[in-house]
Each structure stands twice: as structure tokens, then as C-alpha cells.
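> Sequence first, predicted coordinates after that:
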There are 2 protein chains.
Amino acid sequence: MRQYSDLKPGMPIGVFDSGIGGLTVAREIMRQMPNEKIVYFGDTARVPYGSKSKETVTRYSRQIVRFLLDQKVKAVAIACNTASAYALPEIEKECPVPVIGVIRPGARTACSCTRNGRIGVIGTRATVSSGSYTDFIHEIMPEAEVFAQACPLFVPLVEEGLWEDPVTDEIARRYMASLLDHGIDTLIMGCTHYPLIRKTIGRAAGEKISLINPAYETAMELRHMLEELKLLSDQRPFLGSTTPQYRFYVSDMAEQFQQFANSIIKYGILASEKIDIYHYSGEPLSAGRKV
Amino acid sequence: MRQYSDLKPGMPIGVFDSGIGGLTVAREIMRQMPNEKIVYFGDTARVPYGSKSKETVTRYSRQIVRFLLDQKVKAVAIACNTASAYALPEIEKECPVPVIGVIRPGARTACSCTRNGRIGVIGTRATVSSGSYTDFIHEIMPEAEVFAQACPLFVPLVEEGLWEDPVTDEIARRYMASLLDHGIDTLIMGCTHYPLIRKTIGRAAGEKISLINPAYETAMELRHMLEELKLLSDQRPFLGSTTPQYRFYVSDMAEQFQQFANSIIKYGILASEKIDIYHYSGEPLSAGRKV
């Protein structure tokens, strides 16, 4: 295991996403590790990532990791399935702090859940075409059969608030049809927006299928990783500190972000700040922490 | 009228959009001005603009205009309603070549079409909240009553190919309901994607409402502007030229762009090229043509 001698348990965890969806991962980290500080970045000026290329998503991810390293984070959680699928391999190699994505934890849980070895994956077009879930599942369970379905309309439907709506039900039924034909017994919700319409997806999938939310597993795995590295914080951040425990940054539309964020995180998001992410280089991360 | 002594009729027209929608404007320019060369830029790495802020959209637009000026264009057509609403006033002031947006031509036609002075506008959230259509309509027809409705799900539905689909019909009915209550007789399709689902919008609006497509009017107005400036090309580009008459550039996903483009433009898009738009400054355009 790599050593990270300059990192301290009191440093924050960096979490990033293309926008708001990664808040479901941040929420799990808050629940499972209440002593941790979090710096969250949502790339609202360039959302969504799910229809963009590997090269572009990797470039954007590097810019954001540079920003998070500037915030002196002790670890980075890539809370976006598309960025995890496309950029994690490069970021992991280049980054001077430990990095976790959402795909490996999701794949692991699906493998421990399935009884018949037939696993479904739903996600953005980019996540599905990357084949990342399939690859990780086959590493753990070579005999598994994986069936993936891109669901590009789910993100706009969630963002428009149609969480319980006949239109979303109809779209979910269409997306689910071929997966059900394949006899899957486990379904990975491979996009951070999807847990917000878990009920709709559950109705379309039927009662017998286990729904996997990688956000939960990612927070668990991050906790274990920090424990092993002796980087888990064992005390509540000092309440009188001038720096809040949870800090939220976006690249655009700070006010709308805050409204949405407050609707899904119950810890109270006092403020979010707009960052000029274009100033950070999108070139491969150097060994140091330079911008 | 400003003079543009260094511009020549043989130079191309620059057209840009957040992605593919602006091709409906390029198509009209091709139809109405077959002698003109076109350089098209689609910002597919940062699409969509409709949910982003004025500041961000203006920054992106300036970068693209810098790229187009590098291509020695004689005029710029902002073929995106959101960018026209947010960035046109600044770009017009700063740009060393004439600039046209899609909103003023759309507003003008709506005013000449309406019988009862009640005009509906549908568009992205950004276009609607900018109030640009309302402002231009009131300049021409102060007594008009304008009713605007944001239709944020139309763009993803169009991009997913659900042009003739009961789901799109249902969403269109919901968006149209309050506009119909207001008794509009004219409806501006204030987003370049919408003409692609003109039939669906027409069904939801009913037969008595005139549908305005600003793309058509924009090309007409551009033609008049070039004529007045003596910049209209009066001869077909030389067929043996090494530079094609129509050039297409994108910031990401060149291949997908081409597929979609070929489905809506019948002139044959031979190639599209990916451009690193991040290298162009987003600061206000200087008087010169420097990057």
C-alpha cells in the first residue's frame, strides 16, 4: 500500500461530481463518518458528463482534482459514475492522495447480492459504453453475466422533479424491458441521480430484483480505506472553527445548487461558492500539488 | 451603420450553437444563400447552455467568437437562443464583424403574425428567464401580451430521438396548458431544437396557433444585412477549392455530431473536426482579431 506521510486525519475529504448527483455520495459519507470534513465540488458549468467523451471527462476531472488538492484534502471520492468510469484509472496513478470511485464498490456489492449471476447495470450512455461495471464484475465473478442499459432521460427527469410521475414510470418501463427479459436478479443504479427515483425504478423492475446503490458502498469502502491508512478522523471538528465542516463549491449557478442540495441533504447547506474551474490545468496531474 | 472595410463577400459566415440545434439555422442559411460559405461551431463539450448562468454562457460565447474570427468570418450568427438572450448585447458591442442573433428576428415575425396581440414563447429556462423575447416584442408592439413557458425536457427528448412519441406528446400537452389558457394565437419556438418536434408542438397547441421558427427569419435577416453591407457572395464557391464550402467544428464527440448533423442537413456533412475551445480566452473581445 502506498504511504501518504504528509496527510493528517483532520484534513477534509474531497468529493466531486458533474453536478448535484454526487450529493447522494456526500450524504452517505456524512451519515457513516460524522467526524469527517467534506469539500464538495459540483461542475455545474459543464454538466452533464454522461454524453461527453473520455478525453473531455478526464480533462475536467483533472481540473477539479487540482482544485480539491488546493483545499488540502486527504482523499478524493469521485462521486460521478461517468468520471469514475472514464477518469479514475488516470487520476489514481497521478494523484498524490488516495482516490476512490463509485464503480468498484457498486460492482462488489452486486456480486455479493446476486443469486443467479445475472446482473443488470443502468447508467449514462458514457458509463455503459465504458464497460467499467462489466469489467469490475468479471474481475470478482468471472462467470457473471452482465446486461447494461443506458438511461439518458433519467437525469433530466430527475432534475425536472418528475420523481413520481407517470411519464417517468413509462420511460423506466421501456428502459427495464430488455433487462427483465435477460432474467437479472440484481440491478446496479449506476448513476448518482438514480437513487432519487429508486421507487420508480423499483416499480418498473419488480419486487424480486435487488437494487444496488453504489453511494452507500462507496462510503463504506472509503471508511475502511481511511482506517487502514490511519487517516480516519476520531473527533468531531471544532464547532468554533471559522471553516465549516461541509464546504460546497460549484462552477456555476451556486444559488440553484444550494436549493437542490438542501432538498436532498438534511444537514443544512449554509452556503455554496462559485469557483473559476477554468483556471486549473486539465493536463495530467504532476507529482506535486501545484495548480 | 458601422463600416467593415476589411471584410469581403467571399469570406465565410460563422454560425455557432451550444451543440447541434443551431444546425437548423445553418440549414436555412444554406437554403436561402446557396453561394455562402459557412463555418459552424457546436460546443458539444459544454452543452447544454439552457440551464447555465448568463456569466458562463457569455464566457463560452466569447471563446467561440474568437475561434470564428480566427477563421476569418465576415459575420457571426448566434444560432442558439440562450446565447442570443444572454451574450448578444456584449458580443455585438465588442465584435469587429456584424453579429446577428435568433431572438430579434423571431420576435419581429411573431409581431407581424399575431391577430390578437397575445404571443406565447417556449424555450429553455435561461431563455425564458432572460425575458429577451418579451423585451424585443414590446419594442415592436408595446401593447402585446407575452406569455413564456420554459420547456426543459424538450431538448433531451429531441436528442433521444423521441420526436414522434406519446411521452413527448404528454410533456408537450403539459407545457402548452397554461399558454392555451392565456388565449395566445402565435407561438415562438424559442429554442433551435424545437422545430424538430414541430408536429408534436403543433398537435399540443392546436391548429389555430401560428408556429414561428426563428431560424427561417434569422437567415432572411442575415441576408438583408449582408446585402446592405455589400457582403453577400454573388458567386458559387470554386468547386476545386481545397477548403470545403461548409466546415463543421465541435468541442467534443465529433463523430456523434456528424451522425446527427447528417440526419437533419441534406447537403452532406463530409467531416467535422474537434477544436480545443479552452485555449481561447473568455474575456471580453478586444478590438482586434487576436486569440
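Received it, and whenever you're ready, just let me know what you need.
> Tell me, how many residues neighbour A:Met253?
23 (other Cβ atoms under 10 Å in any protein chain shown). All C-beta atoms are positioned from the backbone trio N, CA, C, and that covers glycine.
> cool, and A:Arg198?
By other Cβ under 10 Å, neighbour count at A:Arg198 equals 13.
> Over to the one 10 residues further on?
Here the neighbour count serves as a burial measure; for A:Lys208 (other Cβ under 10 Å) it reads 7.
> Give the full set of residues in contact with it.
A:Asp185 (Cβ atoms under 8 Å, 6 or more residues apart in numbering or on different chains).
> three-state assignment of it?
Following DSSP: H, G, I helix; E, B strand; the rest coil, A:Lys208 is assigned to coil.
> On the pLDDT front, check it for me.
At A:Lys208, the predicted lDDT confidence score is 95.
> ok so A:Ile188 is a strand residue?
Yes. Assessed by three-state DSSP, A:Ile188 belongs to a strand.
> Quick one, grab the pLDDT at it.
For A:Ile188, the pLDDT comes out at 98.
> Okay, and the beta partners of it?
Taking DSSP bridges as the rule, A:Ile188 bridges to A:Val121, A:Ile212.
> tally of neighbours for it?
With other Cβ under 10 Å as criterion, A:Ile188 counts 30.
> I figured it hits A:Ile212, correct?
Yes. Between A:Ile188 and A:Ile212 a contact is recorded at 4.6 Å, counting by Cβ atoms under 8 Å.
> Which neighbours do those two have in common?
A:106, A:110.
> Once you drop chain neighbours, what's closest to the residue in the stretch 101-250 of chain A that chain B sits nearest to?
For the stretch 101-250 of chain A, the residue closest to chain B is A:Pro156, as judged by Cβ to the nearest Cβ, at 4.2 Å. Among residues not flanking A:Pro156 along the chain, B:Pro156 sits closest, at 4.2 Å (Cβ to Cβ, 6 or more residues apart in numbering or on different chains).
> Quickly find the element holding that neighbour.
helix B:154-159 (DSSP states H and E).
> Check A:Lys8 too.
Using DSSP H and E, no helix or strand contains A:Lys8.
> next one: A:Val73
Using DSSP H and E, A:Val73 falls within no helix or strand.
> okay, the residue of chain A most remote from its centre: pLDDT?
Residue farthest from the centre of chain A, counting by Cα atoms, centre = their mean, is A:Gly240 at 30.4 Å. Model confidence at A:Gly240, expressed as pLDDT, equals 70.
> quick one: secondary structure of it?
coil.
> for A:Glu273, same thing?
Once three-state DSSP is applied, A:Glu273 turns out strand.
> how about the nearest residue to it, chain neighbours excluded?
In space, A:Glu273 is closest to A:Tyr249, 5.2 Å off (Cβ to Cβ, 6+ apart).
> what about the one you found, which SS state?
strand.
> what do you get for A:Val15?
strand.
> So what sits opposite it in the bridge?
A:Tyr40, A:Ala77.
> Would you mark the buried spots in stretch A:148-167?
A:148-160, A:162, A:165, A:167 (16 or more other Cβ atoms under 10 Å in any protein chain shown).
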